[in-house]
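# please work out how this folds:
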Amino acid sequence: MVIGRSSRLTHFLEWRDYKIVFKRYASLYFVAGIEKEDNELIVLDVIHHFVEILDKYFGNVCELDLIFNFHQAYFILEEIIIGGFIMESNKKQVLKMVQHNDAIMDEAFFKDEGQSKSADESNKKK
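The predicted structure is shown next:
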């Protein structure tokens with residue numbers, strides 16, 4: 001429904017009791033389903049905001065970035081939107097939180113990696 005539309009048409013579709021808002025960036029389509037009462041233009045702006053943050057985080061985001069790092073894309077989206085409400089509109093603050101999360105994950109990974117190596121060495125000694 002979205003992919004087959006001409007680029008000259010609007011970025012909004014009505015489907016049952018909902019509206020579908022979408023925007024294409026290069027080869028990526030970002031699609032949001034909203035209620036009829038919600039403002040489509042705000043949703044387009046949130047999509048654009050999300051893509052700008054993805055670009056800064058990944059450095060020109062592409063399909064493979066989202067496929068192999070989908071958990072990071074979800075984390076970024078959850079920093080922006082929680083429960084259907086925009087929680088953080090400051091791009092620098094979102095990136096700061098994502099980088100902080102990356103540091104925690106790296107620390108936990110290397111801590112676990114060190115523990116598994118020491119466990120392997122102790123098993124070899126037995």
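
# specify the local secondary structure of the most centrally placed residue in the chain.
With distances taken as CA atoms, centre = their mean, the residue of the chain nearest its centroid is Ala73 (2.5 Å). Secondary structure, DSSP: H, G, I helix; E, B strand; the rest coil: Ala73 is helix.

# check contacts around it.
By CB atoms under 8 Å, 6 or more residues apart in numbering, the residues touching Ala73 are 54, 65-66. Glycine gets a C-beta too; all of them are placed from N, C-alpha and C.

# most neighbours out of these, which is it?
Counting neighbours by other CB atoms under 10 Å, Leu54 comes out on top of those with 23 neighbours.

# ok, back up a step: local confidence estimate at the residue nearest to the centre of the chain?
Looking at Ala73, its pLDDT is 94.

# look up how far Asp65 lies from it.
Per CB to CB, to the nearest Å, Ala73 is found 8 Å from Asp65.

# list residues touching both of these two?
Contacts common to Ala73 and Asp65, judged by CB under 8 Å, 6+ apart, are Leu54.

# quick check: His100 is in a helix.
Yes. Counting by three-state DSSP, His100 is found in a helix.

# quick check: it vs Glu107, distance?
11 Å.

# Tyr57 belongs to a helix?
Yes. Judged by three-state DSSP, Tyr57 forms part of a helix.

# that one: neighbour count?
20.

# quick one: contacts for it?
So Tyr57 contacts 72, 76, 95, 98 (CB under 8 Å, 6+ apart).

# most neighbours out of the residues you listed, which is it?
Of these, with other CB under 10 Å as the count, Ile76 tops at 22 neighbours.

# contact partners for it?
Contact partners of Ile76, counting by CB under 8 Å, 6+ apart, are 50, 53-54, 57, 94, 98.

# in this protein, which spans are helices?
For the chain, the helices defined by DSSP state H cover 40-58, 63-68, 70-80, 91-125.

# thanks a lot, catch you later.
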